[in-house]
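Q: I'd like to go over a predicted model; first the sequence, then the structure.
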Amino acid sequence: MVRDATTADFDAIVRLNLESEHFLSRMDLARLRVLREQAAYLRVVDDGDIAAFLLAFAPGSAYDSENYRWFAARYTRFIYVDRVVVAQAHRGRGLGARLYEDVFAFAREHGLERVVCEFDVDPPNPVSAKFHARFGFREVGSRQVSYADKRVSMQEAPLARWTRQNRPMETPDTRPALPDRLSVDPRSPHHVPAVFEHDVGIRFNGKERHDVEEYCVSEGWIRVPAGKTLDRHGRPLLIKLKGQVEPFYK
């Protein structure tokens, strides 16, 4: 069961963090109490004992993480996954994925536009890269951190393609025209932020698809992930499919 953490869980959360402290920043009870006050999300998987936890922050937090600050300087409506930890005895059961599914649902419920995080690329962490690719994350930058001898990939998973709740009513007059070519990747010259303020759908050969990364109407193609395959940068490898493309606002 995924539920909100309580103070009764704090000892177990600190012990779990200690198991993986070589990947994470140190967190004792005092530090956890401070972070809980600053966090938007602290939930655990409770299977009779605390098997996993995820800690995340929303905009406006006083959190002093340099990686969180990097995202806060660039985005306004996001949730930052600071850490997700699964107990060694419970690994291989998909608990990390359960928590990620829950934090994505939390972000949609609160009208946020993206889930963001980072993982190591130098030295590389291919397991984390593959895990995040499953959830549609893509690299939006990389940086050498000051707290360790490593470089991290800054990742985001946009939520604009999915329905968000708690938003004002929209009319066609308030929405920009959908372009002939559009990409969900903020690094692309074909990314149009104003479009992604709204919920966009893609019909391909008459059937709606939810995995489109880029489309071009006039040339008749879409780009979608090639399963779980990653490129050399740890991003999903994309393939081009030809057919009739029809973008629309939901």
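A: Alright, I've got the coordinates.
Q: who touches the helix or strand bottoming out on mean pLDDT in the chain?
A: The weakest-scoring helix or strand in the chain, judged by mean pLDDT, DSSP states H and E, is strand 221-230 (a mean of 83). The set of residues external to strand 221-230 that reach it, using Cβ atoms under 8 Å, 6 or more residues apart in numbering, is 126, 129-130, 133-134, 202, 204, 209, 211-216, 236-243, 245. (Each C-beta comes from the backbone N, C-alpha and C, glycine too.)
Q: Could you tell me which of these count as buried?
A: 129, 133, 202, 204, 209, 212-216, 236, 238, 241, 245 (16 or more other Cβ atoms under 10 Å).
Q: As CSV, those with distance to residue 34, secondary structure and pLDDT would be great.
A: CSV is the format used below for those (distance: Cβ to Cβ, whole Å; DSSP: H, G, I helix; E, B strand; the rest coil; pLDDT from 0 to 100):
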residue, distance to residue 34, secondary structure, pLDDT
129, 30, helix, 87
133, 33, helix, 87
202, 43, strand, 90
204, 48, strand, 94
209, 44, strand, 87
212, 41, coil, 88
213, 38, coil, 87
214, 42, strand, 92
215, 45, strand, 95
216, 49, strand, 95
236, 36, strand, 74
238, 41, strand, 88
241, 49, strand, 96
245, 49, strand, 95
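Q: and those residues as a markdown table, adding distance to residue 110?
A: Shown next, in a markdown table, are these (distance: Cβ to Cβ, whole Å):
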| residue | distance to residue 110 |
| --- | --- |
| 129 | 27 |
| 133 | 24 |
| 202 | 25 |
| 204 | 30 |
| 209 | 26 |
| 212 | 25 |
| 213 | 25 |
| 214 | 27 |
| 215 | 28 |
| 216 | 33 |
| 236 | 26 |
| 238 | 30 |
| 241 | 33 |
| 245 | 31 |
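Q: Between the residues you listed, which sits nearest residue 191?
A: residue 214 (9.1 Å; Cβ to Cβ).
Q: Tell me if I'm right that the closest one and residue 185 touch.
A: Yes: if you go by Cβ atoms under 8 Å, residue 214 and residue 185 touch, sitting 7.2 Å apart.
Q: In terms of helices and strands, where is residue 101?
A: Using DSSP states H and E, residue 101 maps to helix 95-109.
Q: count of neighbours near the nearest residue to residue 244 once chain neighbours are set aside?
A: Distances taken as Cβ to Cβ, 6 or more residues apart in numbering place residue 205 nearest to residue 244, at 5.4 Å, with adjacent residues excluded. For residue 205, the number of neighbouring residues by other Cβ atoms under 10 Å comes to 13.
Q: quick check: domain ranges of this structure?
A: 2-158, 172-249 (automatic domain parsing).
Q: Lowest average confidence across these, which one?
A: Mean pLDDT is lowest for domain 172-249 among these, at a mean of 85.
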